[in-house]
Structures are given as structure tokens and as C-alpha cells.
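Trainee: build me a model from this:
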Amino acid sequence: MVRKELGHEIHNVRDEILVLSSMVEKAMLDSADALKDHDFQASETILREDNKINRKRFEMESLIISLIATQQPIAHDLRMLTAMLDMCTELERMGDYAKGLSTINIRSEGLSLPRILLDLHHMAEKSVDMLHRAITSFVDEDVESARAIAHEDNLIDSLYREIYYEAMDVAIEDARNIERVNHVLWAAHNIERFADRVTNICERTVFVVTGSLNELHLQEQNEVRI
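Mentor: From the prediction side, this is the model:
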């Protein structure tokens, strides 16, 4: 009976992970839109809304810790709960990267670099798509999908390099663009780090199913089993 109740509680926590992930996805997409459109009011709203993501994270962490302490889960259930505990932190940090884009938009007062802004927007959309599919893989406990998504981080790295070289060209053309280029690189870095944390979520899926801890972007070297 206790085990059945625990399974129900884990299912509820997993549903809340979906809610938190949706909040983060929206924050990043809205931030990327605001940056592209020079929408400073939208960026201000996103900064205020970040508190909701933070609050959701702490509520979920408290619930998970309580379940671990009172239900004493083992094996798969324990791996699932500890993985979701880690994911709360990962998702909250990803929300911070979305907030970072809004901060850049406000401080830069509009980057006015249309081509680069479109590339940044594409990079953000790709990263959010990776997150959405990574969360689906986690819920479905789909190890192969998780591994494949983690390897897509190479594409994000390539997009980052393309934006870097585009930005350097802009700076070389006119030294007065250096400040705007710095903002571009800061924005690209935020999105690149967002995608890196998607890989961490994929690693948690593999851990839950197999009990193995490994860094997927390092071709699963240095594996540790728990």
C-alpha cells in the first residue's frame, strides 16, 4: 500500500516537472522574441515572472526531500526522485539564462543587428525544442531518445561559433559596434549554457533507467553505476 502511494506521489511530482519546464520554455522563447523585436516592456515582464520559476523550484525541492525522508524509496523510485531533485535546479538555472536575455535587451537598449538577432532567435528556438523533447524523454524513460538529444548540443555549439564570427566581423567593420558585440556574445553564451543544461537532463534520464551516471557529451566515458 505504501509503495502504491509513493508511486502516486512520484507521478504527481513528475507532472510538476512538466509545469516547471513549460514555464522555463516560455521564458526563453519570450525573451528571445523580446530581444529580436526590441520589446523592452516584454523583457521587464519576464524579469518579474522569474520569481515564479524560483518559487516553483523551491516548492518542488521541499516536496521531493520530504518524500525521500518519509517514504524511504529504493532502487528506481529513489533514482527518479533524486533525478527530479537535480532537474529542479537545472530548470531554475535555465530560467536564469532566459532572464539574462531580457537583461541584455534592456541594458543594450536594442542591439539593432537584424541578421545576428535572427540567428540568436533560431539558436534559442532550437535549445527550447531540445528541452521540450528531453523532458518528454524523461517522462517516457526513453534512453535512446535522451542520448540522441544530448548529442544535438553539438549543433548549438556550431550556432554559437557562427554568431561569434558574425559578431567579430561587425566589430572589425566599425569599432563603435564593440559594445553591441559584447551584448551579442553575452546573449549567445546564455543560450549555449541553456542547451548545456538540457544535456544534463538527458543524463538524468539515462541514470533513472540504467543506474549509470555518465557525461553524454563525452561519449559516455567515465561511467559510474549506482
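
Trainee: and the longest helix for the protein?
Mentor: Among all segments of the chain classified by DSSP state H, the helix with the greatest residue count is helix 2-37.

Trainee: okay, buried residues for that helix please.
Mentor: Taking 16 or more other CB atoms under 10 Å as the basis for neighbour counts, the residues of helix 2-37 that come out buried are 6, 9-10, 13-14, 16-17, 20-21, 23-36. Where C-beta positions appear, they are placed from N, C-alpha and C, glycine not excepted.

Trainee: what helices and strands are in contact with the host helix or strand of residue 186?
Mentor: If you go by DSSP states H and E, residue 186 is part of helix 178-210. In terms of contact count using 3 or more CB pairs under 8 Å, 6 or more residues apart in numbering; DSSP states H and E, helix 178-210 is assigned the packing partners helix 2-37, helix 75-108, helix 114-140, helix 143-151, helix 153-173, strand 212-215.

Trainee: between that helix and helix 143-151, how many degrees?
Mentor: When axes from the mean of the first three to the mean of the last three CA atoms, to 10 degrees is applied, the directions of helix 178-210 and helix 143-151 differ by 160 degrees.

Trainee: any idea how far helix 178-210 is from the chain center?
Mentor: 6 Å (CA atoms, centre = their mean, to the nearest Å).

Trainee: and stretch 193-212, by the same measure?
Mentor: The gap between where stretch 193-212 is centred and where its chain is centred comes out at 11 Å by CA atoms, centre = their mean.

Trainee: pull out the buried positions in that stretch.
Mentor: By neighbour count, with 16+ other CB under 10 Å as the criterion, the buried positions of stretch 193-212 are 193-209.

Trainee: and what of stretch 44-55?
Mentor: The neighbour-count check on stretch 44-55 (16+ other CB under 10 Å) flags 46-47, 49-50, 53 as buried.

Trainee: contacting residues around stretch 48-66?
Mentor: The set of residues that contact stretch 48-66 without belonging to it, under CB atoms under 8 Å, 6 or more residues apart in numbering, is 13, 16-17, 19-20, 23-24, 27, 81, 84-85, 88-89, 91-92, 95-96, 98-99.
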